[in-house]
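J.: Got a predicted structure plus its sequence, pasted below:
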Amino acid sequence: MRKARPHSKTRGQVRARVGRDTALRRPDEIRVGISGWRYARWRGKFYPKGLAHRRELEYASRALNSVEINGSFYSLQRPSSYQRWYSETPADFIFSIKGARFITHMKKLRDVETPLANFFASGVLALHQKLGPILWQLPQNLGWNEERLNNFFDLLPRNTREAAKLGTNHDDNLKARAWTKIDISRPLRYAIEVRHESFMTPEFFALLRRHNIAFVFADSAGKWPYTEDLTADFIYIRLHGAEELYVSGYTDRALDRWAERIEYWRKGKQPSDAKLIATSRRDLRGRRSAASLPLDVFVYFDNDANRCAFRCATIGGGARSRVNHFVDVISVPRRLTLGLAQAEVEIVEPPAQPDETESELDSLPIDHKGARTREECVS
């Protein structure tokens, strides 16, 4: 049963119109993207030499149809950043957002009502129809605890109207810059990535199904737990590296295998060699029957230590445009990009914008300031 929300204590205001979102896309879309987009080693390889750093998202969004925002894992971003990201990307672009490590790694999902309010008031709602799944990545030292997980899931808002209402309970640190406005109430999706073997139990996957939360299929070169149980009305895949974490690429053969599996999963089905924890027929189907509506798929490549380059592929026959996409860093096969119909990359000079600034609030402890091991994210 959902816990009651405390009354608002700030000036934040919820503005919502409940109705059909005209920007909603058809089911069974495949979204292919990258985890983060600001990496110095990509400049001059993927990003053309001389491209302004502030235009890198704009450039990447013309080659892919989604990215995973990972700066939100380190600290609360600003509404102005989310507004800028919204304006720099195509109308049908989707952002997944990595939830704050203050919630997952420091608080370990306990006593997080105010941190959750801060997260949803930080500007994520300014993405409007471009807001995709929210990813909660758990630390390696956090094991399975049903009560803790269930309590956390009960706190999560299920649509943007609930999220805006929750956001009005933010603390005073966000008083001058909270964003709790929405234009229309849209459903929210959540995914969870675990890194402790104790989660590999049927009870955990049953809990995910009850809350419609996707279990992340994380390819981690065998470092972290892996299974292919369907637990929600969408699929979330993170490819960290086939042989070496964050470093190794994917061969065409490996990518073909992923593409074939995705074709099963997007139909709510499983390949014959699926690795599963659940065993019952009902559990194998996830929350919905295999004969019901198909599933959306989100695929993010996180093996960013490799070199990056372009290649062009013709998709969907002569009626579709040619699209640019990565070779070494993500190496997306054509079958994974069937849902991507962007034209060749063409960037028009946008108005000057200030460089991205990162908040010091909430989830960036002092001993980590200025000492991030990876430019934009940790995975």
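T.: Perfect, thanks for sending it. Residues are numbered from 1 along each chain as shown.
J.: Residue ranges in this protein under the pLDDT threshold?
T.: Applying pLDDT under 70 to the chain flags residues 1-28, 242-249, 279-293, 303-379.
J.: in this structure, which spans are strands?
T.: Secondary structure of the chain by DSSP state E: the strands cover 30-35, 66-69, 94-98, 131-137, 190-193, 214-215, 217-220, 234-241, 296-301, 310-314, 322-326.
J.: Make CSV from the ones you listed and add distance to Glu263 and mean neighbour count to it.
T.: From N, CA and C alone the C-beta is placed, and that goes for glycine too. Shown next, in CSV, are those (distance: least, C-beta to C-beta, whole Å; neighbours: other C-beta atoms under 10 Å):
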stretch, distance to Glu263, mean neighbour count
strand 30-35, 10, 26
strand 66-69, 19, 26
strand 94-98, 20, 24
strand 131-137, 20, 24
strand 190-193, 20, 24
strand 214-215, 18, 26
strand 217-220, 14, 21
strand 234-241, 11, 24
strand 296-301, 9, 24
strand 310-314, 17, 12
strand 322-326, 19, 21
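J.: can you tell which of the ones you listed is closest to Asn150?
T.: Closest approach to Asn150 among those is made by strand 190-193 (12.5 Å; C-beta to C-beta).
J.: Check which strands are paired with the closest one and give the direction for each one.
T.: Strand 190-193 pairs in its sheet with strand 131-137 (parallel), strand 214-215 (parallel), by DSSP bridges.
J.: Ile97 versus Tyr47, what's the distance?
T.: 23 Å (C-beta to C-beta, to the nearest Å).
J.: Got phi/psi on Pro90?
T.: Dihedral pair for Pro90: phi -60, psi 160, per degrees, to the nearest 10.
J.: Can I get stretch 139-149 in PDB? Just the C-alpha atoms.
T.: Taking Å, rounded to 0.1, in the frame of the first residue of the first chain, the C-alpha atoms of stretch 139-149 are listed here in PDB:
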ATOM      1  CA  PRO A 139      26.300  -0.700  -4.800                       C
ATOM      2  CA  GLN A 140      28.200  -4.000  -4.700                       C
ATOM      3  CA  ASN A 141      28.000  -4.100  -0.900                       C
ATOM      4  CA  LEU A 142      24.200  -3.900  -0.700                       C
ATOM      5  CA  GLY A 143      22.500  -7.300  -0.700                       C
ATOM      6  CA  TRP A 144      18.900  -8.400  -1.000                       C
ATOM      7  CA  ASN A 145      16.500  -7.200   1.700                       C
ATOM      8  CA  GLU A 146      12.900  -7.500   0.700                       C
ATOM      9  CA  GLU A 147      11.500  -5.000   3.300                       C
ATOM     10  CA  ARG A 148      14.000  -2.300   2.400                       C
ATOM     11  CA  LEU A 149      13.400  -2.700  -1.400                       C
END
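J.: outside of that stretch, which residues touch it?
T.: 104-105, 108-110, 195-196, 198-199, 201, 203-204, 207, 224 (C-beta atoms under 8 Å, 6 or more residues apart in numbering).
J.: Can you show me the CA trace of stretch 263-277 as PDB?
T.: Output of stretch 263-277 as PDB, limited to C-alpha atoms (Å, rounded to 0.1, in the frame of the first residue of the first chain):
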ATOM      1  CA  GLU A 263      13.800  -9.500 -31.000                       C
ATOM      2  CA  TYR A 264      12.500 -12.100 -28.500                       C
ATOM      3  CA  TRP A 265      12.300  -9.700 -25.600                       C
ATOM      4  CA  ARG A 266      10.500  -6.900 -27.400                       C
ATOM      5  CA  LYS A 267       7.700  -9.400 -28.000                       C
ATOM      6  CA  GLY A 268       7.600 -10.400 -24.400                       C
ATOM      7  CA  LYS A 269       9.200 -13.800 -25.200                       C
ATOM      8  CA  GLN A 270      12.400 -15.600 -24.200                       C
ATOM      9  CA  PRO A 271      15.000 -17.300 -26.400                       C
ATOM     10  CA  SER A 272      15.300 -21.100 -25.800                       C
ATOM     11  CA  ASP A 273      18.700 -20.600 -24.000                       C
ATOM     12  CA  ALA A 274      17.500 -17.700 -21.800                       C
ATOM     13  CA  LYS A 275      19.200 -17.500 -18.400                       C
ATOM     14  CA  LEU A 276      16.400 -17.200 -15.900                       C
ATOM     15  CA  ILE A 277      15.800 -17.200 -12.100                       C
END
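J.: Show me what counts as buried in that stretch.
T.: Glu263, Tyr264, Trp265, Arg266, Gly268, Lys269, Gln270, Ile277 (16 or more other C-beta atoms under 10 Å).
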